[in-house]
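J.: Any chance you can model this:
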Amino acid sequence: MVVRRRDSVSRRVPSARSPHYNLAARPITERCPEAARGAPAALPGDPAPSTRHTVHRGQGATGDSGELVSVAVAGQAGAPGASASLRQRALHLTRRALGLDVKASDHTIAVLHSDESEAPGLDRRELRQLDRIRLMGVTGTVLMAISALGIGAQPVHQNPTSGMRVLGIFARAHTGSLAMCMVGTVTVVLAWLLLGRFAIGGLGSSPLRRITRRQLDRTLLVWIIPLCVAPPMFSNDVYSYLAQSEITARGIDPYVEGPVAGLGIDNVLTNNVPNIWRETPAPYGPLFLWIGHGIAQITGDNILAGVWVHRLLALAGVALIVWALPRLSRRCGVAPVSALWLGVANPLVLFHLIGGVHNDALMLGLMLAGLELMLRAIHGLPGDGGPPPLDARGWALLIGGAVTVSLSSSVKITSIIVLGFAGMALARRWGPGIRPVIKAAALLGVVAALTTLVISTASGLGFGWLDTVSVANAVRSWMSLPTALGIVTGFGGVLLGLGDHTTALLSITRPIAGVVAGYITVRMLVATWTGRIHPVGALGVSLGAIVLLFPVVQPWYLLWAIVPMAAWATRPVFRVPAIGISAVVSVILMPRGADLEVFQIVGSAVATVIVSVLFIVVTRNALPWRGQQGVSAPSQQAGAYGVTS
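T.: Numbering: from 1, shown residues only. Next up, the predicted model:
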């Protein structure tokens, strides 16, 4: 067995003269609790050590699993040589599979992280460029909001612009409205990328000067406002929310009856639901439908009012993300504005969580807020000098955070895995061995079970939602790796004359993908327990595996992984794909609400390319299109990000 040297922890630390960082008062365990108690495993950014040590009886390879090793070794005493060798080999392979024994030559997922350095504010020239970028983004969102009057996900009934001479023109000019929407979308994406120069600098480097939190908040606010007043875009899901909420308000079980059976095919709410979902029960948790019950009692059959209230709910979720994400990023040595730029100012958040009115915003907000509360109880606040005692306040934070995460899972069940990573962090604090893990799992499991029981009982909805969480699997999503593999392979069989076996192939690829996602999640849980990876980073990696290997992947599902990873992963190996995927997916999706011909899409795309190229040429000196000194320096070495406020 191989362990890592306890003296192999190598972190970039700023000078002791820095006014924002006191090395004596702020030990490394504040920023990255995974380094606590002398964990010898790899920390983010550490080079792999080459020194090997012999593991003595009772000493775990990671310093936290010695109890498991001692029990296993004791069980082998006196066994025959061959049998003992086989059991030892099986134990070794099991530990390797779980990540308990990491060879010195292995590269762990921790290489995705390195601490970011502090940077002063922008100079006068960069402030002028920031104002132009801010105006550029506002222009894009305004164009999108106007075009949504024609090609957005407008309701079939109660369309407020129907029959209006001026505002109704956009619905009659689909090609022009589509071109306007495409231009606005690309403009917002380009503005976001330019803003990134002042948030993260260049890829693989740290900016010499960085935008402040207040400047980023103002930019985000003015970009959001036009989308808040626009019709829904890119999705009709909000109309399903309204129909399912009305079913709940009428006392009908939404987990048994779909909109047609519950409301009738001629109901105004049913007519706005996409055909594929008219017969299906609700796949959402009891908390969301309980809130929807209240919304339905307030708005009734008024579709416009219902959409507005649901958008306010989505904005509340985004506000929770804005509160929690920078606090989580400080724990990982990442600049808060860097995390907010990638995790909140991301076009996927603007277009889909806000513009598309998705309940994923509420799920993510509650999930991250609950995680922050639990980590406050387990690790304390940056600058506290160490973990705080689990007194009355600590237990209140821990239980309150667990309840908040459980509420999040009552919106969408996926977020429940957060409790696993918080539980591993808690078990690590309580000491080595398997008993703290069992205690932490029992504690958080009881809290989650009681919270879910209360919500399911008080709402009167029961536990039928557990049978409908897989309703969305009926959709074949091209963004899902196992689904795409099954579809492509099935199509290949058709071309070869073997018949269409897509359904059979999906029944194979999807379960295999689920097993792989489960294995990665278990591996990340163990990595959190052994201290190799921060809980926030391990959570993001696990959610990334779940999203990519999920049977159905919608564009906004990508945010399940991107948002928490934005608080931890800083290396180009993560940021480049995350930025690229966010930009590409944001641009290629068409707004819902109109049947568009191919020539309309092609013509609008060509017009968008021409307008974008001309804009870049005209503003090549006014905006930071190219890397320049004072914005990002590839040779600038990143030091630890220390925040005292």
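
J.: Name the SS class of Pro231, please.
T.: coil (DSSP: H, G, I helix; E, B strand; the rest coil).

J.: how many neighbours does it have?
T.: By other Cβ atoms under 10 Å, 24 other residues sit near Pro231. (Each C-beta comes from the backbone N, C-alpha and C, glycine too.)

J.: where does it sit relative to Ile508, distance-wise?
T.: In this view, Pro231 and Ile508 are 41 Å apart by Cβ to Cβ, to the nearest Å.

J.: Equivalent analysis for Met590, please.
T.: Distance from Met590 to Ile508, counting by Cβ to Cβ: 31 Å.

J.: neighbour count winner among the two?
T.: The neighbour count for Met590 versus Ile508, taken as other Cβ under 10 Å, is higher for Met590 (17 against 14).

J.: surely that one meets Leu596?
T.: Yes - using Cβ atoms under 8 Å, Met590 is in contact with Leu596, at 6.6 Å.

J.: Show me the common contact partners of these two, please.
T.: Taking Cβ atoms under 8 Å, 6 or more residues apart in numbering as the criterion, Met590 and Leu596 both touch Leu178.

J.: Would you mind listing where this protein has pLDDT under the threshold?
T.: 1-81, 92, 96, 99-108, 203-205, 473-474, 593-595, 627-645 (pLDDT under 70).

J.: Tell me which residue is most central in it.
T.: Central residue of the chain (Cα atoms, centre = their mean): Trp560, 2.6 Å from the mean position.

J.: where along the stretch 501-645 of the chain do the helices fall?
T.: In the stretch 501-645 of the chain, the helices defined using DSSP state H, counting those that start in this stretch lie at 502-530, 535-548, 559-566, 572-588, 598-618.

J.: Out of those helices, which is closest to Gly176?
T.: helix 598-618 (8.4 Å; Cβ to Cβ).

J.: May I have that closest one exported as CSV, CA atoms only?
T.: Taking Å, rounded to 0.1, in the frame of the first residue of the first chain, the C-alpha atoms of helix 598-618 are listed here in CSV:
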residue,chain,number,x,y,z
VAL,A,598,-35.4,25.6,-42.2
PHE,A,599,-34.9,28.6,-44.4
GLN,A,600,-36.0,30.9,-41.6
ILE,A,601,-33.4,29.4,-39.2
VAL,A,602,-30.6,29.5,-41.8
GLY,A,603,-31.4,33.1,-42.9
SER,A,604,-31.5,34.3,-39.3
ALA,A,605,-28.3,32.5,-38.5
VAL,A,606,-26.5,34.1,-41.5
ALA,A,607,-27.8,37.6,-40.5
THR,A,608,-26.6,36.9,-36.9
VAL,A,609,-23.1,36.0,-38.1
ILE,A,610,-22.8,39.1,-40.3
VAL,A,611,-24.0,41.4,-37.5
SER,A,612,-21.7,39.8,-35.0
VAL,A,613,-18.6,40.0,-37.2
LEU,A,614,-19.3,43.7,-38.1
PHE,A,615,-19.8,44.5,-34.4
ILE,A,616,-16.5,42.9,-33.4
VAL,A,617,-14.7,44.8,-36.2
VAL,A,618,-16.2,48.2,-35.2
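
J.: Can you give the contact residues for it?
T.: Residues contacting helix 598-618 (Cβ under 8 Å, 6+ apart): 174-175, 178-179, 181-183, 186-187, 190, 590, 625.

J.: before we move on, back to that, just put the helices of the stretch 501-645 of the chain in TSV and tack on distance to Val411.
T.: Listed next are the helices of the stretch 501-645 of the chain as TSV, based on distance: least, Cβ to Cβ, whole Å:
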stretch	distance to Val411
helix 502-530	20
helix 535-548	15
helix 559-566	12
helix 572-588	23
helix 598-618	34
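
J.: Which one of those helices lies nearest to Ser147?
T.: helix 598-618 (10.1 Å).

J.: ok now the closest one, how far from the chain's centre?
T.: For helix 598-618, the separation from the chain centroid amounts to 31 Å (computed by Cα atoms, centre = their mean, to the nearest Å).

J.: okay, the angle between it and helix 572-588?
T.: With axes from the mean of the first three to the mean of the last three Cα atoms, to 10 degrees applied, the angle from helix 598-618 to helix 572-588 works out at 130 degrees.

J.: Give me the buried positions along helix 598-618.
T.: Across helix 598-618, burial judged by 16 or more other Cβ atoms under 10 Å covers 600, 604-605, 607-608, 612, 615.

J.: can I get those residues in a markdown table with distance to Ile354?
T.: Converted to a markdown table, the buried residues of helix 598-618 look like this (distance: Cβ to Cβ, whole Å):
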| residue | distance to Ile354 |
| --- | --- |
| Gln600 | 26 |
| Ser604 | 23 |
| Ala605 | 24 |
| Ala607 | 26 |
| Thr608 | 22 |
| Ser612 | 23 |
| Phe615 | 24 |
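
J.: what's the neighbour count on Thr161?
T.: Applying other Cβ under 10 Å, we find 17 residues neighbouring Thr161.

J.: Compute the distance between Leu340 and Ile200, please.
T.: Computed as Cβ to Cβ, the Leu340 to Ile200 distance reads 11 Å.

J.: if we can go back for a sec, my guess is the residue nearest to the centre of the chain contacts Val547, does it?
T.: Yes - with contact defined as Cβ under 8 Å, Trp560 and Val547 form a contacting pair (5.3 Å).

J.: Select only the buried ones of the contacts of helix 598-618 in ChimeraX?
T.: What follows is the ChimeraX syntax for the buried subset of the contacts of helix 598-618, where burial is set by 16+ other Cβ under 10 Å:
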select :174,175,178,179,181,182,183,186,187,190,590
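
J.: Give the burial count for the residue lying closest to Val188 once chain neighbours are set aside, as a bare number.
T.: Leaving aside its chain neighbours, Val188 sits nearest to Gly140 (3.7 Å; criterion: Cβ to Cβ, 6 or more residues apart in numbering). Using other Cβ under 10 Å, Gly140 is surrounded by 25 other residues.

J.: mind checking how far Gly140 is from Arg134?
T.: Relative to Arg134, Gly140 is positioned 11 Å away (Cβ to Cβ).

J.: ditto for Phe421
T.: The value you get for Phe421 to Arg134, if Cβ to Cβ is used, is 36 Å.

J.: for Leu112, same thing?
T.: As judged by Cβ to Cβ, Leu112 and Arg134 stand 30 Å apart.

J.: So Asp115 belongs to a strand, correct?
T.: No - read with three-state DSSP, Asp115 is coil and lies in no strand.

J.: hmm, who's touching stretch 273-287?
T.: The contact list for stretch 273-287 (Cβ under 8 Å, 6+ apart) reads 236, 239-240, 243-244, 247, 254-261, 265, 270, 289, 359, 407, 409-413, 452, 455-456, 459, 461-462, 464-465, 468-472, 474-475.

J.: Among these, name the buried ones.
T.: For the contacts of stretch 273-287, buried by 16+ other Cβ under 10 Å: 236, 239-240, 243-244, 247, 254-255, 257-260, 270, 289, 359, 407, 409-413, 452, 455-456, 459, 461, 465, 468, 471-472.

J.: Now, the residues you listed that are in helices?
T.: Among the buried ones among the contacts of stretch 273-287, the members falling in helices (DSSP state H) are 239-240, 243-244, 247, 259-260, 289, 407, 409, 452, 455-456.

J.: Of all pairs in these, which one spans the longest distance?
T.: Farthest apart among those by Cβ to Cβ are Val260 and Leu407. That separation is 30.3 Å.

J.: since we're on the closest residue to Arg327 other than its chain neighbours, how many residues are nearby?
T.: Excluding its sequence neighbours, the residue lying closest to Arg327 (Cβ to Cβ, 6+ apart) is Glu372, at 5.2 Å. Around Glu372 there are 22 other residues, counting by other Cβ under 10 Å.

J.: I figured Trp568 hits Thr528, correct?
T.: No - using Cβ under 8 Å, Trp568 makes no contact with Thr528, being 11.9 Å away.

J.: For these two, list the residues in contact with both.
T.: Residues touching both Trp568 and Thr528 (Cβ under 8 Å, 6+ apart): His534.

J.: Name the next helix or strand downstream of the helix or strand where Leu86 lies, please.
T.: Using DSSP states H and E, Leu86 falls within helix 81-98. Reading on from helix 81-98 to the C-terminus, the next helix or strand found by DSSP H and E is helix 124-151.
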